[in-house]
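A.B. asks: quick one, what's the 3D model for this:
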Amino acid sequence: MSRNGTGTYSLPAGNPVVTNTTVSSTWANNTLNDIATALTASIANDGQTTPIANLPMGGYIHTGVGDATLRTQYPSYGQVQDNKPGWGGTAGGTADALTLGPSVGVTAYATGQRFEFIAASANATTTPTVAVSGLAAKTIVDRAGNALVAGAIQPGICRIEYDGTYFRLDREIGGTTSLPGILKVVDSTSSTSTTDAASPNSVKSAYDLATSAKTSYVYKTSQTQRTSNTTPSADPDLQISLAAGHTYDVEIYAMFQGGAIGAANAQGYKFAVQFSGTVTSPNVGFATWTSSITTFAGQTINLSATPVSVSTVSGSNFTPDAIHIKATVTVSVTGNLMLYWSQNSSSATYTTCWTGSMISARLIA
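C.D. replies: Okay, here's the model as predicted:
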């Protein structure tokens, strides 16, 4: 009677046999034929048997299964978890004619097919293509079905989905105004783009810059007088700190008087600019104006380790002589920007840097 429909096998009629009775050929043939039929309906472990109906597992699983290599085979869970059916690896071909070879090849494109791959370089044209498993190349478009912009495919992992005609790029980096929400992300506080999106880091940097953007000042609230010395040294008040990683617009205003107010300016003065840190541009250009003596427009002050005298003023002067230094500096090592000055000709009669002289530094980047 073979199996009973639930998988249980029962011997045919005449079984079991009775001790000390004759076993007939009819019994033997019927029994052995029935067993043979049951064995034929069983699945051979060497793969000879092809099932002729669904095989209910009753809540059990197949264990130790291998990865599928054809689309007519079922995959292992690990194969699915590792996305091997849709993983194309590093794309072959060229930047504008990609080729993919997933481990389980496809025999035809189907709407909804998705593939992920690593692009080695950005697309240069607006109509890049991709061919999967040796099938015909298909054009890649954006998520809305529009042509891509050059650079939409960036080096890295990309995902595409077939819509029946084209492959649509799911992760677009290049940016387009035709598809809101798909923008190029840039990490910069100086970008002038109106289509790129700012990275969180650049937003934070811009916020920090905006909240800290200010002009700092230092003023002389009392006069400084020097005598019998022609080596410029730092003014005790005209010093301002500049921080690394920033750019500043710097201005220095200073007023000098040789001798007493109303007296002749016989010994004159000289000055230089010193920075204790490091700037990327080592020179500061400046312009000056004076009351009646000399101007030095267009000269340069060198921010060197040893202050360099760049101005010598002598002659008669009954009012303070004013200088104006203006520059933009980018700082790589934090330090103090200082005005150095001294007498031009050594004299026991003092030279004065007047109250109200100042340095300002406006943070611009």
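A.B. asks: so where's this structure shaky on pLDDT?
C.D. replies: Counting by pLDDT under 70, the chain contains low-confidence ranges at 1-2, 171-184, 209-213, 258-268, 280-320.
A.B. asks: which SS state does Ser202 fall under?
C.D. replies: The three-state label given to Ser202 by DSSP: H, G, I helix; E, B strand; the rest coil is helix.
A.B. asks: who touches the longest helix anywhere in the chain?
C.D. replies: Counting residues, the longest helix found in the chain (DSSP state H) is helix 25-40. With CB atoms under 8 Å, 6 or more residues apart in numbering as the test, helix 25-40 has contacts from Met1, Ser2, Arg3, Tyr9, Leu11, Pro12, Ala13, Gly14, Asn15, Val17. C-beta coordinates here come from the backbone N, C-alpha and C atoms, glycine included.
A.B. asks: which of the residues you listed has the most neighbours?
C.D. replies: Neighbour counts for those (other CB atoms under 10 Å) peak at Ser2, which has 17 neighbours.
A.B. asks: on that earlier part again, which of the contacts of helix 25-40 lies closest to Pro200?
C.D. replies: Arg3 (66.2 Å; CB to CB).
A.B. asks: show me the two of the contacts of helix 25-40 that sit farthest apart.
C.D. replies: Arg3 and Val17 (21.6 Å).
A.B. asks: measure Gln154 to Thr351 for me?
C.D. replies: Remark: distance between Gln154 and Thr351 (CB to CB, to the nearest Å) = 63 Å.
A.B. asks: pick out whichever of these two has more residues nearby.
C.D. replies: Legend: neighbour count by other CB under 10 Å for Gln154 and Thr351, higher for Thr351 (27 against 16).
A.B. asks: leaving out chain neighbours, which residue sits closest to the more buried one?
C.D. replies: Among residues not flanking Thr351 along the chain, Gln343 sits closest, at 4.6 Å (CB to CB, 6 or more residues apart in numbering).
A.B. asks: could I get the full set of helices for the protein?
C.D. replies: Counting by DSSP H, the helices of the chain are 25-40, 77-81, 200-212.
A.B. asks: can you redo these as JSON lines with mean neighbour count and distance to Ser193?
C.D. replies: Formatted as JSON lines, the helices of the chain follow (neighbours: other CB atoms under 10 Å; distance: least, CB to CB, whole Å):
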{"stretch": "helix 25-40", "mean neighbour count": "13", "distance to Ser193": "74"}
{"stretch": "helix 77-81", "mean neighbour count": "12", "distance to Ser193": "40"}
{"stretch": "helix 200-212", "mean neighbour count": "12", "distance to Ser193": "12"}
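A.B. asks: which of those sits closest to Thr328?
C.D. replies: Nearest of these (CB to CB): helix 200-212, 15.9 Å.
A.B. asks: give me the phi and psi for the residue nearest to Val23 when sequence neighbours are not counted.
C.D. replies: Sequence neighbours aside, Val17 is the residue nearest to Val23 in space, at 6.0 Å (criterion: CB to CB, 6+ apart). Val17 adopts backbone torsions of phi -80, psi 160, taken as degrees, to the nearest 10.
A.B. asks: Provide a list of residues in contact with the most centrally placed residue in the chain.
C.D. replies: The residue lying closest to the centre of the chain (CA atoms, centre = their mean) is Asp187, at 6.0 Å. By CB under 8 Å, 6+ apart, Asp187 lies in contact with Ala198, Ser199, Asn201, Ser202.
A.B. asks: farthest-apart pair in the residues you listed, please.
C.D. replies: For the contacts of Asp187, with distances taken as CB to CB, the pair at the greatest spread is Ala198 and Asn201 (8.7 Å).
A.B. asks: ok, Ala243 touching Val331?
C.D. replies: Yes - contact criterion CB atoms under 8 Å: Ala243 and Val331 qualify, at 6.4 Å.
A.B. asks: of these two, which one has the most company?
C.D. replies: Taking neighbours as other CB under 10 Å, Ala243 and Val331 compare with Val331 leading, 21 against 14.
A.B. asks: including distance to Ser276, could the contacts of Asp187 go into JSON lines?
C.D. replies: What follows is those, written out as JSON lines (distance: CB to CB, whole Å):
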{"residue": "Ala198", "distance to Ser276": "35"}
{"residue": "Ser199", "distance to Ser276": "34"}
{"residue": "Asn201", "distance to Ser276": "30"}
{"residue": "Ser202", "distance to Ser276": "30"}
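A.B. asks: what residue spans form the domains of this structure?
C.D. replies: Using automatic domain parsing, the domain ranges for the chain come out as 1-56, 81-181, 215-363.
A.B. asks: make JSON lines from the helices of the chain and add distance to Gln48 to it.
C.D. replies: Output for the helices of the chain, formatted as JSON lines (distance: least, CB to CB, whole Å):
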{"stretch": "helix 25-40", "distance to Gln48": "11"}
{"stretch": "helix 77-81", "distance to Gln48": "26"}
{"stretch": "helix 200-212", "distance to Gln48": "62"}
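A.B. asks: and of these, who's closest to Pro51?
C.D. replies: Smallest distance to Pro51 across those (CB to CB): 12.6 Å, for helix 25-40.
A.B. asks: figure out how far that closest one is from the centre of its chain.
C.D. replies: Here helix 25-40 is found 75 Å from its chain centre; the criterion is CA atoms, centre = their mean, to the nearest Å.
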